[in-house]
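**Q** just need the structure, nothing else, for what follows:
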Amino acid sequence: MDTAAYLASEFDEHEAVVRATRDALAEPFARLLEACERSIRDGGKILFFGNGGSASDAQHLATELTARYITDRAAIAALALTTDTSALTAIGNDFGFENLFSRQIEALGKPGDVAIGISTSGKSPNVIKALKQAREMGLVAAALSGKDGGDLSGLADPLIIVPSRTTARIQEMHIAIGQMLCGALEIELGLA
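**A** This next block holds a predicted model:
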């Protein structure tokens, strides 16, 4: 393998996806930021969830909000629905894997909260079911996706779609967008 050529190709693809995402991001990002700000100001919370690498992103972003992102400041109410092993294994065992997140939203979600599902394909059944549950309960059902948005199109609003078909590039943009959301939310709330 030509390592230099491989790295150059990966960086070239990454840079192209960054540019395309930046061009597509402004409107849905602004709406997601507005929904999150409104929820926090009204005493609500943000619920993050996803599978695999997206589960890690959910944990990472919830932590950025409950701990700090830019500066030391008051905690921002956020939860990752991917971390409670007892709930995950009980729900998975008793109700099925497709109910992992919807069941937690049913228990923890309140109208005005923001549920942010993360799915690179937009086809994760448990993310889709959770967003349907969120909408039924009056939460903002938002998502980060890739490709063409999959089954999240028409369900999640706002929906941020990374314009790529490469899972790694989509995941790179999801964590970058998520961190931008954390930073922008701190600023909008006057905490940074």
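**Q** all strands for the chain, in order.
**A** Using DSSP state E, the strands of the chain run over 46-50, 78-80, 114-118, 140-146, 159-162.
**Q** out of those, which gets nearest to L7?
**A** Comparison of the strands of the chain against L7 by CB to CB identifies strand 159-162 as nearest, at 21.4 Å. Placement of C-beta: from N, CA and C, glycine included.
**Q** what pairs with the closest one, parallel or antiparallel?
**A** Pairing partners of strand 159-162, with direction, according to DSSP bridges: strand 140-146 (parallel).
**Q** rewinding a little: in a markdown table, list the strands of the chain along with distance to T89, mean neighbour count and mean pLDDT.
**A** Output for these, formatted as a markdown table (distance: least, CB to CB, whole Å; neighbours: other CB atoms under 10 Å; pLDDT from 0 to 100):
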| stretch | distance to T89 | mean neighbour count | mean pLDDT |
| --- | --- | --- | --- |
| strand 46-50 | 16 | 29 | 98 |
| strand 78-80 | 16 | 22 | 98 |
| strand 114-118 | 20 | 29 | 98 |
| strand 140-146 | 25 | 28 | 98 |
| strand 159-162 | 30 | 24 | 98 |
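**Q** check the gap between A5 and D12 for me.
**A** Separation of A5 from D12 (CB to CB, to the nearest Å) stands at 10 Å.
**Q** before we move on, what about G53?
**A** In terms of CB to CB, G53 sits 22 Å off from D12.
**Q** those two: which is more packed in?
**A** Counted by other CB atoms under 10 Å, G53 and D12 do not tie: G53 has more neighbours, with 16 against 10.
**Q** what ranges does the chain have for its helices?
**A** 3-41, 53-66, 85-95, 100-108, 125-137, 167-188 (DSSP state H).
**Q** what comes up buried for the longest one?
**A** In other words, helix 3-41. For helix 3-41, the neighbour count (16 or more other CB atoms under 10 Å) marks 14, 17-18, 21, 25, 28-29, 31-33, 35-37, 39-40 as buried.
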